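Asks: attaching a predicted model along with its sequence, questions to come.
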Amino acid sequence: MRKTPRQARSREMVERIVAAGREVLVTDGYDAFSTNRVAAAAGISPGSLYQYFPDKAAILDVVIDRYTEQTADRVAAAMADRMGGAGLDVVRDIVDALVSALEADRALLHVVAEQLPLARSKARREALEQRVRGLASTYLIARPEHSRRPVPAVSTWVTVLAIENLATRWVLDQPDITRDQLLDEIVAMVSGYLLS
């Protein structure tokens, strides 16, 4: 951001620009994303936009950072709430929470997963994965009866990436598989892996 908004009116302007940036990104896609389109969607002049954001990349960064943080917060909160549960119910609940977090903004997930250049989202995705892996690893260390794998950090890396990719593809592709079927299959996969 070019300047930090201090007054309420300036903060409202930044929020308007960010909301318009999200709208343009979802509606027009990454390739058509521009400061002129964002300014038009926000109902302001490009000059007003440039007071706060030097270019389209700065707006895009805020939109994607917020999306990633909100998704990570939803998943982490759901995981923390369910860590006290027992056995495979915990896995099912956590996968369900991840699917819900991804479904919360399917349109933006589509842009992030399928249109954004990998370099723009890689660090954010890795931070989210690391946060989820940390919670899952803590769970496996605290509940060793739920895994026979020798190294919790390795097994959580494998399971988190597998679950994330399956959940993302299910949300985006909307295959002829019910949510319950997806959850059942992922639980079977994870339990087969962790308990083998």
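Replies: Great, that's in hand.
Asks: could you break this structure into its assigned domains?
Replies: Listed by automatic domain parsing, the domain ranges of the chain are 8-54, 65-194.
Asks: hey, least reliable of those by pLDDT?
Replies: Between the domains of the chain, the lowest average pLDDT goes to domain 65-194, which shows a mean of 84.
Asks: run the chain-centre distance for it.
Replies: Remark: domain 65-194 is offset 10 Å from the chain centroid, using C-alpha atoms, centre = their mean, to the nearest Å.
Asks: ends of that domain, what's the gap?
Replies: 32 Å (C-alpha to C-alpha, to the nearest Å).
Asks: how about the helix or strand hosting residue 23: buried residues?
Replies: Using DSSP states H and E, residue 23 sits in helix 8-28. Within helix 8-28, the residues scored as buried using 16 or more other C-beta atoms under 10 Å are 13-14, 16-18, 20-26. (Glycine included, C-beta is placed from N, CA and C.)
Asks: what strand or helix carries residue 79?
Replies: Counting by DSSP H and E, residue 79 is part of helix 56-82.
Asks: could you do residue 121 as well?
Replies: Going by DSSP H and E, residue 121 is part of helix 118-142.
Asks: and whichever helix or strand comes after that helix with helix 56-82, angle?
Replies: Downstream of helix 118-142, the next assigned helix or strand under DSSP H and E is helix 152-173. Relative orientation of helix 152-173 and helix 56-82, computed by axes from the mean of the first three to the mean of the last three C-alpha atoms, to 10 degrees: 120 degrees.
Asks: what packs against helix 152-173?
Replies: In terms of contacts (3 or more C-beta pairs under 8 Å, 6 or more residues apart in numbering; DSSP states H and E), helix 152-173 is packed against helix 87-103, helix 106-114, helix 118-142, helix 179-194.
Asks: which one of those is the most hemmed in?
Replies: Stretch with highest mean neighbour count among the helices and strands packed on helix 152-173: helix 87-103 (a mean of 19; mean count of other C-beta atoms under 10 Å).
Asks: please save the CA atoms from it in PDB.
Replies: What follows is helix 87-103, C-alpha atoms only, in PDB (Å, rounded to 0.1, in the frame of the first residue of the first chain):
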ATOM      1  CA  GLY A  87     -10.100 -41.500  16.200                       C
ATOM      2  CA  LEU A  88     -11.400 -41.200  12.600                       C
ATOM      3  CA  ASP A  89     -14.200 -38.700  13.600                       C
ATOM      4  CA  VAL A  90     -11.400 -36.100  14.100                       C
ATOM      5  CA  VAL A  91     -10.100 -36.700  10.500                       C
ATOM      6  CA  ARG A  92     -13.700 -36.500   9.100                       C
ATOM      7  CA  ASP A  93     -14.400 -33.300  11.000                       C
ATOM      8  CA  ILE A  94     -11.200 -31.700  10.000                       C
ATOM      9  CA  VAL A  95     -11.700 -32.600   6.300                       C
ATOM     10  CA  ASP A  96     -15.200 -31.300   6.500                       C
ATOM     11  CA  ALA A  97     -13.900 -28.100   8.000                       C
ATOM     12  CA  LEU A  98     -11.400 -27.700   5.200                       C
ATOM     13  CA  VAL A  99     -14.100 -28.300   2.500                       C
ATOM     14  CA  SER A 100     -16.300 -25.700   4.200                       C
ATOM     15  CA  ALA A 101     -13.500 -23.200   4.300                       C
ATOM     16  CA  LEU A 102     -12.800 -23.700   0.600                       C
ATOM     17  CA  GLU A 103     -16.400 -23.600  -0.300                       C
END
